[in-house]
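S.K.: Fold the following.
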Amino acid sequence: MSAEDIEVYAICEVDDIDPGEAKAFNLSRVGEDGAARPFRILVVRTGAREVVGYVNACPHQGTWLNVGSGEFFNKDGTLLRCGRHGALFDIESGACTEGPCKDQSLEPIALAVVGDDVCLCGVTLVEEEDRPFPYDELDDTMEIMISPD
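M.R.: As a prediction, this is how the structure comes out:
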């Protein structure tokens with residue numbers, strides 16, 4: 001595969017994420033069978049124009065890192081943290097430094113800052129206009145659920 005054949009998709013503008021912060025993205029990638037598959041990622045802005053990214057799944061049980069509190073970091077913001085079991089990960093390498101998946105790593109994704117955009121490289125995503133609207137097959141009736149709380 002040559003450099004011209006690598007898929008590149010703009011995910012967000014670099015300024016959409018403050019330096020030292022992370023943001024989750026729920027994307028849809030094209031699977032080996034051609035079907036759309038959920039692809040949850042997180043992007044961490046580590047500097048003015050520097051970013052790192054990972055699949056948003058803890059290697060321990062595959063849960064999102066931001067499950068529960070919605071936060072990605074430990075209390076002092078120096079490590080990524082799994083919200084379910086408290087595993088801690090080095091931000092730059094994704095290596096688990098503490099917790100039930102010690103010595104495993106988050107799955108990295110290739111990112112590049114191109115102009116003002118954070119771009120995902122090397123993954124074929126389902127284009128927004130190609131995604132079916134999730135309610136297309138429902139009729140015109142509305143289902144309402146009432147919670148007793």
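S.K.: now the helices for the protein?
M.R.: Assigned helices in the chain: none (criterion: DSSP state H).
S.K.: so where is it shaky, pLDDT-wise?
M.R.: The chain contains residues with pLDDT under 70 at 1-5, 128-149.
S.K.: count of residues packed around the spatially closest residue to C12 that is not a sequence neighbour?
M.R.: Leaving aside its sequence neighbours, C12 sits nearest to V118 (C-beta to C-beta, 6 or more residues apart in numbering; 5.4 Å). All C-beta atoms are positioned from the backbone trio N, CA, C, and that covers glycine. Applying other C-beta atoms under 10 Å, we find 24 residues neighbouring V118.
S.K.: Please report how far V118 lies from A24.
M.R.: Relative to A24, V118 is positioned 13 Å away (C-beta to C-beta, to the nearest Å).
S.K.: what does A112 give?
M.R.: 19 Å.
S.K.: Check Q61 too.
M.R.: 17 Å.
S.K.: ok, the residue nearest to C12 - contacts?
M.R.: A10, I11, C12, E13, V14, D16, I17, V43, V51, L111, A112 (C-beta atoms under 8 Å, 6 or more residues apart in numbering).
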